[in-house]
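*Asks:* task: produce atomic coordinates for the following.
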Amino acid sequence: TLIGEALRYNSFPSGHSITVFAAAAAVLATLLPSPRTSRARLLLAAGVTVALMIALSRVAVGAHWLADVLAGGAGGWLAGLSGAALARRTGWWRWLLVGKGRQAAGAFLCVWGLLLLLQAHRANGNAAILALSGLCGLVAGFALLIRRPNQAAAGTCRGTSLQRPSD
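*Replies:* Predicted structure coming up:
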């Protein structure tokens, strides 16, 4: 059932589909690098299902054709997996876990979150999303600022090694 007017223009590929599948692939590839257990496979299926539902909603509202969504989803999935693989290989996020990089990232997230919260009242239909995003930024920023360096090993993050693999 189509919600709203029928699509009358070309918008290939769907940017929303690219975004949601890139985020899902990056998060899932980072948290579940090799899903071997039934729980890990269930989480993988749930993540893909949520991404697919969000992407297909673009067809339902008449913003995209199915081909737009499928191409965007495929491109986003490839981008997310590529980013996760590159990050695992290079360990470029090590600066977020130690020293001044962690403090800088925490301060940036706190300021950004506060700015989003302050702008939430001006947003007509997006106030809740801006407020939630601002709150998430503040929580993540404060977590980076108050965490002591010895609470995370310098070379690991949730079991994923940040060290460069031996060649």
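*Asks:* now do the same end-to-end measure for stretch 23-38.
*Replies:* Using Cα to Cα, to the nearest Å, the end-to-end distance of stretch 23-38 comes out at 22 Å.
*Asks:* start the count at 23, not 1, going forward
*Replies:* Okay, using 23 as the starting number, the last item reads as stretch 45-60.
*Asks:* any buried residues in stretch 66-86, and which?
*Replies:* Buried residues in stretch 66-86, counted by 16 or more other Cβ atoms under 10 Å: 66, 69-70, 73-74, 76-81, 85-86. Any C-beta I mention is one placed from the backbone N, CA and C, and that applies to glycine too.
*Asks:* rounded mean pLDDT for it, please.
*Replies:* Mean pLDDT, stretch 66-86: 82.
*Asks:* related to what we said a few turns ago, can you tell me which two in the buried residues of stretch 66-86 are farthest apart?
*Replies:* Leu66 and Ala85 (27.2 Å; Cβ to Cβ).
*Asks:* can I get the buried residues of stretch 66-86 in a markdown table with secondary structure and distance to Ser39?
*Replies:* Shown next, in a markdown table, are those (DSSP: H, G, I helix; E, B strand; the rest coil; distance: Cβ to Cβ, whole Å):
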| residue | secondary structure | distance to Ser39 |
| --- | --- | --- |
| Leu66 | helix | 18 |
| Gly69 | helix | 14 |
| Val70 | helix | 13 |
| Ala73 | helix | 8 |
| Leu74 | helix | 9 |
| Ile76 | helix | 8 |
| Ala77 | helix | 4 |
| Leu78 | helix | 9 |
| Ser79 | helix | 10 |
| Arg80 | helix | 6 |
| Val81 | helix | 10 |
| Ala85 | coil | 10 |
| His86 | coil | 8 |
